[in-house]
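# sequence first, then the predicted structure, then my questions.
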4 protein chains.
Amino acid sequence: MTREVYIAVVGPSAGTPAELAIGEAVGRGVAEAGGVLVCGGMGGVMESAAGGCADAGGRSVGILPGDSRLDANPYLTVAVATGMGEARNAIVVRTADVVIAVRGEFGTLSEIALGLKIGKPVVCIGTWEFGKEGESVDAIVRATDPRDAVAQALRLAGR
Amino acid sequence: MTREVYIAVVGPSAGTPAELAIGEAVGRGVAEAGGVLVCGGMGGVMESAAGGCADAGGRSVGILPGDSRLDANPYLTVAVATGMGEARNAIVVRTADVVIAVRGEFGTLSEIALGLKIGKPVVCIGTWEFGKEGESVDAIVRATDPRDAVAQALRLAGR
Amino acid sequence: MTREVYIAVVGPSAGTPAELAIGEAVGRGVAEAGGVLVCGGMGGVMESAAGGCADAGGRSVGILPGDSRLDANPYLTVAVATGMGEARNAIVVRTADVVIAVRGEFGTLSEIALGLKIGKPVVCIGTWEFGKEGESVDAIVRATDPRDAVAQALRLAGR
Amino acid sequence: MTREVYIAVVGPSAGTPAELAIGEAVGRGVAEAGGVLVCGGMGGVMESAAGGCADAGGRSVGILPGDSRLDANPYLTVAVATGMGEARNAIVVRTADVVIAVRGEFGTLSEIALGLKIGKPVVCIGTWEFGKEGESVDAIVRATDPRDAVAQALRLAGR
């Protein structure tokens, strides 16, 4: 079963309705593509993505920062309690073949950066832009909508 | 789904046929009890337990020491690549409500000790014995066979 | 001794001569301020910062990604081998009261983001710029030179 | 400086006066041998060992389970806040060339087991005994007193 593509969906733990809807659609798309959803296991976009994945009959794993599985959102196939705080962000991206970022705050930015550092492709919908000395660094693929994001992720993962 | 009982099965990565058979029966028992199997994701007893769990239609998660999900055994519902070496043993026991140890070597002993340290009950089949100054410390529950081990684990987890 | 200020210096593992000189001056400044230098323990800016710190009689700790202390640069007071890969970036910023970023690549960006996520102030010299939807997010303090960076870091750490 | 021997001293966070005295003497011995003391950074034997090391002019590093360096004992040269709970035990033994266990509880047993798992020699003074099926497993070296423990540790580390 490890031959299936694993797609991390990262984003804010407290999203706007628009962000939550994007997360849900991405989670649904991951499931429809036969992928396994990886996320941080908490609320916001993590929860809406897991919900969309479950609705479409897909599998998901939530990798939690805290000590207790009881903090997990209720839509995960499996929850993992790392007890390692933000260091779990490194596990989220390492477990995935490709990362989809949905907007997000500094935690999401750390996951984008950790993903790029260890060679995981990153697709985004409206997330962080970054650069140096006034020049943009175009290291991540910009998607126009959830369907496009999943399609790009599959392509970058070689599927 | 986090209301389900999570049972870690820990044991040697290269087991004897007898140990592998015990692991398989324990994994099957976890699934039949409606539990989620947590293991280290590699071979030996981890693999036979995941196989028994899959045969009985259960869910399992393998928490791998290495950087790559491709090292996982093929019977897991979901594999997590921690890239953290033996530190992942702490995640295995933290994710579980209760630990079942099947014989095992020093890695298994570390999981028993980490589990006891953070307050997780430990059931065992023929695993390590330990004590101090010639006195045995009876901190773990000895089970007679796989069926008994799962029953004791459920009891200790309050199910 | 834990009352002393701990300042993380993060930057590229293979720096240009200009970046290495900045790192060395920052490390020297940390030591002259009576601070403890925290870094990733490897080469490049991590090494030049540790070297500057050692030259000025200061203390430093290198928190390594790999399994072996032998990969550490030779200027550290103490080296810690985490065996956790990039997850060690979370330990670097958690150990520090304030972070100084010297240019850097994606690893450095992850340390900036992790630091901001957990509430550590970040000062930078010529490092990443980032924002959303065309708007810059000014979450980090821009310093003009190493002396200014250390002064700002001390101020942000409440010293 | 990484050529120096690093010796982990592990033991209870709340020791008896006799245990604390042993810890202090071991810490002093590590320093007198020119070694670097590695410990978990908290109280009990960790604190007395760090105190003995400091008294003899040695260097020490405390690798803390929690989020804050302020929990560290006051005798450390450097404190590292991992925020990873008991998973930090794996970092303690990985950072060391050899481990000395002074009695201790389940946390200490986990450090002994993790050390043996990754190939670090373990010396003990009155700590855990363990075995299988009624047979003792003699994997650790029993020392008679602190002086002997440090001498054995140096020998096992190839010094």
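Received it, and whenever you're ready, just let me know what you need.

# doesn't residue A:75 make contact with residue A:47?
Yes: here residue A:47 lies in contact with residue A:75, judged by Cβ atoms under 8 Å, at a distance of 6.5 Å. Heads up, the C-betas are built off the backbone N, CA and C, glycines and all.

# what strands line up against the worst-scoring helix or strand of chain A on mean pLDDT, and which way round?
Of all regular secondary-structure elements in chain A, judged by mean pLDDT, DSSP states H and E, the least confident is strand A:135-136 with a mean of 87. According to DSSP bridges, strand A:135-136 has the following sheet partners: strand A:129-132 (antiparallel).

# in the strand it pairs with, what's buried?
A:129, A:130, A:132 (16 or more other Cβ atoms under 10 Å in any protein chain shown).

# likewise for stretch A:39-56?
Within stretch A:39-56, the residues that qualify as buried by neighbour count (16+ other Cβ under 10 Å) are A:39-54, A:56.

# please identify the residue most distant from the middle of chain A.
With distances taken from the mean C-alpha point of chain A and given as Cα atoms, centre = their mean, the most distant residue is residue A:133, at 28.7 Å.

# how about that residue, phi and psi?
Backbone torsions for residue A:133, taken as degrees, to the nearest 10, come to phi 50, psi 40.

# excluding chain neighbours, what is closest to it?
Taking Cβ to Cβ, 6 or more residues apart in numbering or on different chains, and ignoring the residues beside it in sequence, residue A:133 has residue C:126 as its nearest neighbour in space, at 7.0 Å.

# I'd guessed that neighbour sits against residue C:11; true?
No: applying Cβ under 8 Å, one finds residue C:126 not in contact with residue C:11, separated by 9.9 Å.

# how close does residue A:73 get to chain C?
The spacing between residue A:73 and chain C, counted by Cβ to the nearest Cβ, to the nearest Å, is 20 Å.

# next: residue A:69.
Computed with Cβ to the nearest Cβ, the distance linking residue A:69 and chain C is 20 Å.

# count the neighbours of that residue for me.
Under the neighbour criterion other Cβ atoms under 10 Å in any protein chain shown, residue A:69 is assigned a count of 24.

# for it, give me its contacts.
With contacts taken as Cβ atoms under 8 Å, 6 or more residues apart in numbering or on different chains, residue A:69 has the following neighbours: A:79, A:80, A:81, B:2, B:6, B:95.

# out of those residues, which one has the weakest pLDDT?
When it comes to pLDDT, residue B:2 is the least confident member of these, at 47.

# report all helices and strands that the helix or strand just after the least confident helix or strand of chain A contacts.
With elements assigned by DSSP states H and E, the helix or strand that comes after strand A:135-136 is strand A:141-142. Strand A:141-142 sits against strand A:122-125, with contacts defined as 3 or more Cβ pairs under 8 Å, 6 or more residues apart in numbering or on different chains; DSSP states H and E.

# output the below-cut-off pLDDT ranges for chain A.
Across chain A, the ranges flagged by pLDDT under 70 are A:1-2.

# max-length helix in it?
Once chain A is assigned using DSSP state H, the helix that runs over the most residues is helix A:17-32.

# can you list the residues of chain A near chain B?
Counting by Cβ under 8 Å from any Cβ of the partner chain, chain A comes close to chain B at A:1-2, A:6, A:36, A:59-61, A:63, A:67, A:69-70, A:72, A:74-84, A:90-91, A:94-95.

# can you say which of those are buried?
Of all the residues of chain A next to chain B considered here, the ones buried according to neighbour count by 16+ other Cβ under 10 Å are A:1-2, A:6, A:36, A:59-61, A:63, A:69, A:72, A:75-84, A:90-91, A:94-95.

# and stretch A:78-92 with chain D, contact?
Yes: judged by Cβ under 8 Å from any Cβ, stretch A:78-92 and chain D are in contact via A:83, A:84, A:85, A:86, A:87.

# mind listing what the residue nearest to the third one when sequence neighbours are not counted touches?
In space, residue A:85 comes closest to residue D:83 once its chain neighbours are excluded; the distance is 4.5 Å by Cβ to Cβ, 6+ apart. The neighbourhood of residue D:83, defined by Cβ under 8 Å, 6+ apart, consists of A:84, A:85, A:86, A:87, C:90, C:91, C:94, D:66, D:67.
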